[in-house]
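S.K.: Generate coordinates for the sequence data below:
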Amino acid sequence: MNYKRAIIFGVVLYAVFFILYGLSYVVPFLNKESSNGLKSYIFTWVINIPVVLLLGKWYFKALKPSVHRGFWLGVITILVAFALDGIFVLLALAFQQPLDDFKTLYTDWKFYTTLAEVILLCTVSGFEFDATYSKDK
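M.R.: Predicted coordinates:
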């Protein structure tokens with residue numbers, strides 16, 4: 001495992017999710033108020049596929065791809081996302097902001113489906129990619 005690249009992978013993917021979350025408030029079709037946010041999650045699930053696979057190709061350029069490495073890349077990515085969410089929670093607490101959005105997010109089944117999709121896509125990227133341009137470290 002290349003932990004530095006895995007953390008960078010997680011941060012970039014988190015930033016993409018953050019941008020998509022912002023877009024869901026701007027685009028009327030994806031408005032979170034409609035059908036309990038399902039449209040915005042479906043949009044995110046579809047966009048995740050090329051984003052995770054492209055980032056996975058970048059990650060596996062440094063090492064030989066495998067299912068095991070892909071799975072652990074997904075787990076590390078989720079841990080990075082939780083850590084970054086934790087920073088936002090601490091900032092919200094520091095500025096005495098309500099944590100209702102975090103409570104809503106962490107109690108929604110769609111959120112956990114997204115986490116499972118990220119782990120699955122990372123595992124698939126480890127399985128699918130050949131080692132043609134990869135360096136094994």
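
S.K.: going forward, measure contacts between C-alpha atoms and count neighbours the same way
M.R.: Noted.

S.K.: for the protein, which helix is longest?
M.R.: In the chain, assigned by DSSP state H, the helix with the most residues is helix 67-94.

S.K.: Look up how far Ile119 lies from the spatially most distant residue from the centre of the chain.
M.R.: Here the centre of the chain is the reference, and by CA atoms, centre = their mean the most remote residue is Gln96, at 27.1 Å. Using CA to CA, to the nearest Å, Gln96 is found at 33 Å from Ile119.

S.K.: ok so, going back, for the longest helix of the chain, packing partners?
M.R.: Under the contact criterion of 3 or more CA pairs under 8 Å, 6 or more residues apart in numbering; DSSP states H and E, helix 67-94 touches helix 3-26, helix 109-128.

S.K.: Point out the most buried one among these.
M.R.: Mean neighbour count (mean count of other CA atoms under 10 Å) peaks for helix 109-128 among the helices and strands packed on helix 67-94, with a mean of 19.

S.K.: Tell me which helix or strand the residue farthest from the centre of the chain sits in.
M.R.: For Gln96, there is no helix or strand it lies in under DSSP states H and E.
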